[in-house]
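Novice: predicted coordinates and the sequence they were generated for:
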Amino acid sequence: MDATTDKDPLVQEQIHKSLCFLGESEPEEILKCCDEYLRQHDKLAYPHRVLILRSMDSVLRNHLHTLDTGTARGEVIWEWQEAASNVLVAVGQRFINRVMEEVLTKFQPGILPHYFVLHTFANLSVSNG
């Protein structure tokens, strides 16, 4: 996963595809590895963190129905969501309109938004006063 810091977009995209491919056969193992990598590299620049989070998102979306409940441990998900929220806030400092469009799609009529949707929304407003 150290190759995620490669500056070549083609290399980064290949890493994303590889993580997703590996996630097809071993989704929980890939999610665990990505989580551990992000924990060990807490100062990883956000473009590289985004690459790993995008891969995790793809694996989660494709295997949500088959994941073990242990995958949803509160502290792990909390950290993923906080990291993803922080990435959106950082990107929003330059591309606020695009990020706001994405965050606003998470507001559904009649459904309370997830805590991190509100958290991200609030942090976007603070960072773009």
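Specialist: Arrived safely, thanks for sending. Numbering: from 1, shown residues only.
Novice: show me what contacts the residue lying closest to Leu124 once chain neighbours are set aside?
Specialist: In space, Leu124 comes closest to Gly92 once its chain neighbours are excluded; the distance is 4.8 Å by Cβ to Cβ, 6 or more residues apart in numbering. Backbone N, C-alpha and C define where each C-beta goes, glycine included. Applying Cβ atoms under 8 Å, 6 or more residues apart in numbering to Gly92 gives the contacts Val99, Met100, Leu124, Ser127, Asn128.
Novice: residue closest to the middle of this protein?
Specialist: Centroid check for the chain by Cα atoms, centre = their mean gives Leu53 as the closest residue, at 3.3 Å.
Novice: in which helix or strand would I find it?
Specialist: Using DSSP states H and E, Leu53 maps to helix 46-63.
Novice: what about the residue of the chain positioned farthest from its centre, which SS state?
Specialist: Outermost residue of the chain with respect to the C-alpha centroid, by Cα atoms, centre = their mean, is Gly110; its distance is 25.5 Å. Three-state call for Gly110 (DSSP: H, G, I helix; E, B strand; the rest coil): coil.
Novice: over to Ile15?
Specialist: Under three-state DSSP, Ile15 falls in the helix class.
Novice: what about it, how many residues nearby?
Specialist: 20 (other Cβ atoms under 10 Å).
Novice: surely it and Arg54 touch.
Specialist: No: counting by Cβ atoms under 8 Å, Ile15 stays clear of Arg54, with 10.2 Å between them.
Novice: I'd like the next helix or strand past the least confident helix or strand in the chain by mean pLDDT.
Specialist: Of the helices and strands making up the chain, the lowest-confidence element is helix 74-92, at a mean of 74, by mean pLDDT, DSSP states H and E. Using DSSP H and E, the next helix or strand after helix 74-92 towards the C-terminus is helix 96-104.
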